[in-house]
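Undergrad: My questions concern the predicted model and sequence given below.
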Amino acid sequence: MDKFVIEDLTVQYSDGAESLRQISMAIPANSITVLFGPAGGGKSTLLRTLNRLNDLADVVRISGKVRLFAADGSSVEVLDRRTDVIALRRRVAMVFARPIVLPLSIYQNLSYALEMAGERRKPVLDQAVERSLRKAALWEEVKDRLQDPAAALSGGQQQRLCLARSLALEPEVILLDEPTSGLDPISTNKVEESLQELKQNYTIILVPHSIQQAARTADQAAFFLQGDLIEYRPGKEIFLNPQDRRTKDYIEGRFG
Ligand SMILES: Nc1ncnc2c1ncn2[C@@H]1O[C@H](COP(=O)(O)OP(=O)(O)O)[C@@H](O)[C@H]1O
Ligand SMILES: [Mg+2]
């Protein structure tokens, strides 16, 4: 089943050329789709378009269609002005490169959004906190110190806490923009492992921090170069046998 269907998406910021040019791609549910390529290719712009974070940026022109599908086959047009952006962002969560933990306890970092949404029942909050920590592969490391400040966690733990926090609101899609760029290899490995678990129940769209990470994680991968989608194929095929010369050159490290 497709989770997103993108047709002819063009995005242009106020001060430059098009950052995405006529992008068309379908993003399947329950798998990891990787967006890779050199800086400036439009990867972050695409992620931000999928949950309308671009509304906050200096976008002068956006055209095309982006449909988000629910399990029952119904869909919403993401770019439609009438679309409920709050509801959309609940369904499509974003995890950023730098973990941004709240100056609160580990527990409160996870219960906060639910409490804001009106949930007051302690057992329900406890359960949600444990469930999201387990999903982010962090539970075992923090279960005995949930009241400690989140800021005391290591960088890798903070990033998994951010992942857990986005899971607490039970989204359908998780967008991750270079989530492991500041992490050591062991923490990176843990994040990648939890993504492999999560893809069974979520749609994951990942901008990796390296080609190696792209190759390790991708069920399908899309190569972006200066606003163009050059090649989009199953991970096993694109990294072993790229069809486009530019994809091949990039994968082989001929340009960065
Ligand atoms: N908020 C913004 N305002 C203006 N230009 C932007 C903004 N964000 C990105 N761009 C431009 O859009 C292009 C694509 O950027 P980006 O989506 O960040 O690429 P990537 O994530 O692949 O590095 C770049 O030329 C960048 O300078
Ligand atoms: Mg980026």
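TA: Arrived safely. Numbering: from 1, shown residues only. Ligands and ions are numbered 1, 2, ... in the order given.

Undergrad: The helix or strand harbouring Thr188: how far from the chain's middle?
TA: In this assignment (DSSP states H and E), Thr188 forms part of helix 185-198. In terms of C-alpha atoms, centre = their mean, to the nearest Å, the centre of helix 185-198 is set 14 Å apart from its chain centre.

Undergrad: Can you tell me which helices and strands that helix packs against?
TA: If contacts are counted by 3 or more C-beta pairs under 8 Å, 6 or more residues apart in numbering; DSSP states H and E, helix 185-198 sits against helix 122-135, helix 155-168, strand 203-207, helix 211-217. Yep, even glycine has a C-beta here, placed from its N, CA and C like the rest.

Undergrad: Please list the residues outside that helix that contact it.
TA: With contact meaning C-beta atoms under 8 Å, 6 or more residues apart in numbering, helix 185-198 is reached by 32, 135-137, 154-157, 159-160, 163, 167, 174, 176, 179-180, 183, 204, 206, 213, 216-217.

Undergrad: what's the spacing between the residue nearest to the spatial centre of the chain and Ile100?
TA: Here the mean C-alpha position of the chain is nearest to the C-alpha of Leu175 (C-alpha atoms, centre = their mean), at a distance of 1.3 Å. Using C-beta to C-beta, to the nearest Å, one gets 15 Å for the distance from Leu175 to Ile100.

Undergrad: Just the buried ones from the contacts of helix 185-198?
TA: With burial judged by 16 or more other C-beta atoms under 10 Å, the buried subset of the contacts of helix 185-198 is 32, 135-137, 156-157, 159-160, 163, 167, 174, 176, 179-180, 183, 204, 206, 213, 216-217.

Undergrad: what does the stretch 1-150 of the chain have sitting close to ligand 1?
TA: Applying C-beta under 6 Å from any ligand atom, we find that the stretch 1-150 of the chain lies next to ligand 1 at 13, 15-16, 19, 39-45, 57-58.

Undergrad: May I see those residues organised as TSV, with secondary structure and pLDDT added?
TA: Formatted as TSV, these follow (DSSP: H, G, I helix; E, B strand; the rest coil; pLDDT from 0 to 100):
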residue	secondary structure	pLDDT
Tyr13	strand	92
Asp15	coil	80
Gly16	coil	81
Ser19	strand	96
Ala39	coil	96
Gly40	coil	96
Gly41	coil	97
Gly42	coil	97
Lys43	helix	98
Ser44	helix	97
Thr45	helix	96
Ala57	coil	82
Asp58	coil	83
